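Asks: Please work out how this folds:
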Amino acid sequence: MRLFDVLGPVMTGPSSSHTAGAVRIGSTARRLLGEAPAQADIILYGSFAATGRGHGTDRALVAGLLGMQPDDDRIPDSFAIAAAQGLHFTVSTGTLRGVYPNTAMLRLVGVSGRKLEVMGESIGGGRINICRIDGITTHFGGDRNTLIVFNHDSPGHVAAVTGALSRLGINIATMQLFRSEAGGYAVMVLECDQPLPEQLRDELSALNGIIKVTILNA
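Replies: Predicted coordinates for the structure are as follows:
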C-alpha cells in the first residue's frame with residue numbers, strides 16, 4: 001500500500017471521491033478533448049447523483065473542465081469562473097444499470113467545435129478510471145504517461161504505434177485495445193514508462209486510418 005492511499009490526496013473540498021476524483025475526471029476529459037471546452041453537458045450517476053451536490057461534485061467537475069487541479073482554492077467558485085470564461089454547461093442526473101457508484105458522463109464541445117463524450121468513475125482516494133470514450137469501453141486512470149490512439153479497425157495500426165514507441169526508446173507498461181465492432185472504430189490505450197514527446201503525435205497522426213492521437217503525460 002502506498003502512503004498516498006492512506007493519507008489521500010491534497011485537495012480542496014469535503015470528499016476525495018466526490019470532489020477530488022471529480023476534478024480529475026473533468027481535467028482528464030479536457031485533456032482528452034485537446035482544447036478548452038465551450039459547452040459541457042454533465043450527467044451524474046449513482047452516489048454522484050444522490051449526494052454529489054452536497055459534496056460539490058458538480059462544481060468539482062466544472063473546475064476540472066476549466067483546467068483546475070484537486071487542490072485549487074477556486075473550486076468552490078468554478079460556476080462563476082466558467083461563466084466568466086465562456087464555458088456553458090448543464091448538470092443533470094440519470095439512471096444507468098451496472099455503472100460504478102461514483103460515475104459521471106461528460107458530453108463536450110470544444111472551442112473549435114470538436115466533440116467528445118467521456119465517462120469517468122471516481123474509485124477512491126482521488127483516483128479515477130476513464131471507462132468510456134465516445135461509446136467505446138476503456139480502462140485507464142490518466143495518472144501515467146498515456147498514449148491514446150483513435151483509429152479505424154484495420155490491420156497494421158498496432159504495429160505502427162508500437163514500432164514508433166520502440167524507435168523513440170519508450171517502454172510500454174500496459175496496452176489495451178478496444179473497438180466498437182469489427183472493422184469499425186477502435187481505441188488503443190498504452191501506458192508508458194517514459195514521457196511521450198510531441199513528435200510522436202505528429203508521426204502517428206500522419207498515418208492513414210489514424211483519426212486522433214492524444215498524449216497525457218503524468
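Asks: ranges for the helices of the protein?
Replies: Along the chain, the segments classed as helices by DSSP state H run 3-7, 21-33, 46-55, 57-65, 78-85, 157-167, 198-205.
Asks: Can you list the helices and strands that the third one packs against?
Replies: Looking back up the chat, that one is helix 46-55. Other helices and strands packing on helix 46-55, by 3 or more Cβ pairs under 8 Å, 6 or more residues apart in numbering; DSSP states H and E, are strand 102-110. Using the backbone N, CA and C atoms, a C-beta is placed for each residue, glycine as well.
Asks: how about low-confidence regions in the chain?
Replies: 1-18 (pLDDT under 70).
Asks: picking that back up, tell me which of the helices of the chain sits nearest to V99.
Replies: Ranking the helices of the chain by proximity to V99 (Cβ to Cβ) places helix 46-55 first, at 6.0 Å.
Asks: would you turn the helices of the chain into CSV with distance to E181 and mean neighbour count?
Replies: Formatted as CSV, the helices of the chain follow (distance: least, Cβ to Cβ, whole Å; neighbours: other Cβ atoms under 10 Å):
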stretch, distance to E181, mean neighbour count
helix 3-7, 38, 9
helix 21-33, 22, 27
helix 46-55, 28, 18
helix 57-65, 30, 28
helix 78-85, 37, 15
helix 157-167, 16, 15
helix 198-205, 23, 14
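Asks: Out of those, the one nearest Y185 is which?
Replies: Closest to Y185 of the helices of the chain is helix 157-167 (Cβ to Cβ; 11.9 Å).
Asks: so how far is L190 from N171?
Replies: Going from N171 to L190 by Cβ to Cβ, to the nearest Å gives 10 Å.
Asks: what do those two both touch?
Replies: L165 (Cβ atoms under 8 Å, 6 or more residues apart in numbering).
Asks: Looking at these two, which is more packed in?
Replies: Between N171 and L190, counted using other Cβ atoms under 10 Å, L190 has the larger neighbour count: 23 against 9.
Asks: Hmm, that one is touching T174, no?
Replies: Yes - applying Cβ atoms under 8 Å, one finds L190 in contact with T174, separated by 7.2 Å.
Asks: can you tell which of the helices of the chain is closest to T137?
Replies: Counting by Cβ to Cβ, and looking across all of the helices of the chain, nearest comes helix 21-33 at 15.0 Å.
Asks: Just want the angle from that closest one to helix 46-55.
Replies: 110 degrees (axes from the mean of the first three to the mean of the last three Cα atoms, to 10 degrees).
Asks: what's D143 in contact with, if anything?
Replies: R127, A218.
Asks: for it, phi and psi?
Replies: Dihedral angles of D143 (phi, psi; degrees, to the nearest 10) stand at phi -100, psi 10.
Asks: gap between it and N217?
Replies: 11 Å.
Asks: Ok, A49 next?
Replies: A49 sits 32 Å away from N217, going by Cβ to Cβ.
Asks: swap in I81?
Replies: To N217, I81 is 25 Å away according to Cβ to Cβ.
Asks: How about F48?
Replies: Distance, F48 to N217, by Cβ to Cβ: 28 Å.
Asks: and what of L147?
Replies: Here the criterion is Cβ to Cβ. By it, L147 lies 10 Å from N217.
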